[in-house]
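In: okay, predicted coordinates and the sequence, questions at the end:
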Amino acid sequence: MPLIPYPTDYRRPPVREVRIGKLCIGGNHPPLIQSMLTQAASNPEAAFAEAKALFAAGCPLIRLTIPTEKELAAAVSLRERLQSEGLLTAQVADIHFQPKLALAAAQVFEKIRINPGNLVDQPKNKGQALPQDLAEGCQRLAGALAPLVQVLKRHHCALRIGVNHGSLAQRMIEAHGDSPLGMVESALEAAGICEALGFDQIVISLKSSNPLVTNLAYRLLASRQPALGYPLHLGVTEAGMGEMARIKSLAGIAPLLRDGLGDTLRVSLAEDSVYEIPYAQALVQGLEEARQMGYPRPDWQREITQLRVNNQEHPIQGLATGGLHPVRVFSAVSLDGLEDQVLTEQTQFTQIPDLGALPPLPLSCTPAYLLTAVPDLHQVRNLYRQRGPLNAPLGLLLGPSPMPVRLESDFCALLAEGLLDFVVIPAGLPALAQTRWLQFLQALRVKSFEADYIACPSCGRTLFDLQGTTLKIRAQTRHLKGVKIGIMGCIVNGPGEMADAHFGYVGSGPGKIDLYYGQTCVQRGLPEENAVAALLALIKEKGAWQEPNLS
């Protein structure tokens, strides 16, 4: 992915209000939490029980996949049952590949989600697009959206333009790169078509399994929005399961909320959907805590000059730190997978408790500045705006966990924006705190300490036991540090979203699995009962296997 600078000096425009049935997104409303059914509507008892549990957990907006006309009819029956029991505020129909289904669903649901990357286009990895394909593709998309917009207006139905990095249209990739910029251009193209047709009840999402891509895409969009802003739906897609998935979601969502970006959100977990709600609520609560401590208003002016600040380079124990070098990780204890050096007692830092204690004048003898507590994000930004790059690398001493979500959010933003040059893991940290910090570093692509999983949260399109399979694969591969494994329920985003994975496990039919090595499908239609063993064999065949350290 090419280096794309963060936008400079942008102001978030006022956000328009979008009505979804009895709910409102945007305007002056707080961020709204939503989720998606993992059960198909054609499994009515299971789908009803899941929707009821989500509603009870505090989720007012529920999305479900509509892959066929049969599934749409089942979804209508599910809606009627939920309404009869007072358990429905609003539902979103998730449509891929089929514009005609979107037309039918818009007459029933309060909101439709379409993906412009696959509504009429070929998604990534489907061959090279020609220059004329950009304009022709725009015309095809306009042809599909024109009748849909008329139905949306007639039935007072909202539209989510949901761009996924994994299913970006090939023509957009050819024109703008497989990048956050390509995602933004895809969303604005679709939104512009709708606006030209007199329709503005639009919500936009720009999701990736990489929290850094997610962050940058939304910030680029905010810098490009017209005077009346679109509400933004936040989320990290295919985050996986367990604590690592929650940390990825925090890294992709919380810094945006902190800056006043985001009007609705979903924490996507490869777990029972009801488990998404408490963590989403924790992120929103963290936002409220930040508000109480001087949270910037949505029209706050960001002033970041570039993605990395490039403080003056200086070696720490012989390892070049600062400048254009990546974030370094130093530790007072030996850690498996840590490529940087273990600190010795002779390592010297200028320790500062807060940015106010940073020496006002350059100190030629200073090897590095070491903050002893997570600083406020906006104070760090202001420091660099006022002083420019520092005369020495700036690092952070990682302390005991857990921290408030507000501070974890600030830590993620500091790393994502290149405002820190190194971090130090001290001796004596509790094991749980040490593990959590390592997970943050992996989520932010600083270091890899274990295998990374790009696993979708499942939906009605998934035709195998995704949760059980993910647990089985994790149990046998977690020790493979640096190896990325995609575990995807279906082909909608599967091959594309896991494009940077080394190995892929993708559902291709009822109980059937395709295996990928990189972006190449190497085995098709494997029976589900044999596919995990075949995946392990593929990892060994390609030389990525290590025996686990049992000591």
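Out: Received the coordinates, thanks.

In: list the contacts of the nearest residue to residue 165 once chain neighbours are set aside.
Out: Distances taken as CB to CB, 6 or more residues apart in numbering place residue 208 nearest to residue 165, at 3.7 Å, with adjacent residues excluded. To be clear about C-beta, it is placed using only N, CA and C from the backbone, and glycine gets the same treatment. Applying CB atoms under 8 Å, 6 or more residues apart in numbering, we find residue 208 in contact with 164, 165, 166, 180, 183, 214, 217, 236, 237, 252, 497.

In: redo that, cut-off 10 Å
Out: 163-166, 168, 180, 183, 214-217, 235-238, 252, 454, 497 (CB atoms under 10 Å, 6 or more residues apart in numbering).

In: please flag which of the residues you listed sit within strands.
Out: 163, 164, 454 (DSSP state E).

In: give me the neighbour count for the second one.
Out: Residues within reach of residue 164, counting by other CB atoms under 10 Å, total 25.

In: now the last one
Out: The number of residues packed around residue 454, counting by other CB under 10 Å, is 27.

In: which residues sit in contact with it?
Out: 166, 208-210, 237-240, 248, 270, 484-488, 493-494, 497-501, 504.

In: change it to 8 Å
Out: 209, 238, 240, 484, 485, 486, 487, 488, 497, 498, 501.

In: what's the neighbour count on residue 52?
Out: 15.

In: the one 10 residues further on now?
Out: Residue crowding around residue 62 was assessed by other CB under 10 Å; the count is 22.

In: likewise for residue 229?
Out: Per other CB under 10 Å, the neighbour tally for residue 229 reads 19.

In: in the sheet, who's paired with it?
Out: With DSSP bridges applied, residue 229 shows beta-bridge pairing to residue 15.

In: repeat that for the one 10 residues further on.
Out: Using DSSP bridges, the beta-bridge partners of residue 239 come out as residue 455.

In: and it, how far from residue 498?
Out: Residue 239 is 13 Å from residue 498, where distance means CB to CB, to the nearest Å.

In: name the residues contacting each of the two.
Out: residue 209.

In: is it correct that residue 476 is in contact with residue 536?
Out: Yes - Residue 476 is in contact with residue 536 according to CB atoms under 8 Å; the separation is 6.3 Å.

In: all strands for the stretch 201-350 of the chain, in order.
Out: 202-207, 232-234, 264-265, 314-316, 319-321, 328-331, 350-352 (DSSP state E, counting those that start in this stretch).

In: out of these, which gets nearest to residue 402?
Out: The stretch from the strands of the stretch 201-350 of the chain with the least distance to residue 402 (CB to CB) is strand 328-331; that distance is 19.9 Å.

In: tell me the buried residues in that closest one?
Out: Neighbour counts over strand 328-331 (16 or more other CB atoms under 10 Å) mark 328, 329, 330, 331 as buried.

In: list the contacts of residue 248.
Out: Applying CB under 8 Å, 6+ apart, the residues contacting residue 248 are 209, 211, 236, 239, 240, 443.

In: export those as JSON lines, with columns for distance to residue 73, pLDDT and neighbour count.
Out: Formatted as JSON lines, the contacts of residue 248 follow (distance: CB to CB, whole Å; pLDDT from 0 to 100; neighbours: other CB atoms under 10 Å):
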{"residue": "209", "distance to residue 73": "32", "pLDDT": "90", "neighbour count": "30"}
{"residue": "211", "distance to residue 73": "38", "pLDDT": "92", "neighbour count": "24"}
{"residue": "236", "distance to residue 73": "33", "pLDDT": "95", "neighbour count": "28"}
{"residue": "239", "distance to residue 73": "32", "pLDDT": "88", "neighbour count": "30"}
{"residue": "240", "distance to residue 73": "33", "pLDDT": "89", "neighbour count": "27"}
{"residue": "443", "distance to residue 73": "41", "pLDDT": "93", "neighbour count": "25"}
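
In: tell me the two of these that are most distant?
Out: Largest pairwise distance in those, by CB to CB, is 12.0 Å, between 211 and 240.

In: pLDDT below threshold where in the protein?
Out: 1-13, 123-132, 225-228, 290-308, 336-342, 344-346, 361-365, 491-497, 550-551 (pLDDT under 70).

In: mark out where each domain of it begins and ends.
Out: Taking automatic domain parsing as the domain assignment, the ranges for the chain are 17-292, 314-442, 452-541.

In: run the chain-centre distance for the longest one.
Out: The chain centre lies 12 Å from the centre of domain 17-292; the measure is CA atoms, centre = their mean, to the nearest Å.

In: mind giving me the packing neighbours of the helix or strand containing residue 433?
Out: Residue 433 belongs to helix 431-443 when assigned by DSSP states H and E. If you count contacts as 3 or more CB pairs under 8 Å, 6 or more residues apart in numbering; DSSP states H and E, helix 431-443 packs onto helix 242-258, helix 405-416, strand 422-425.
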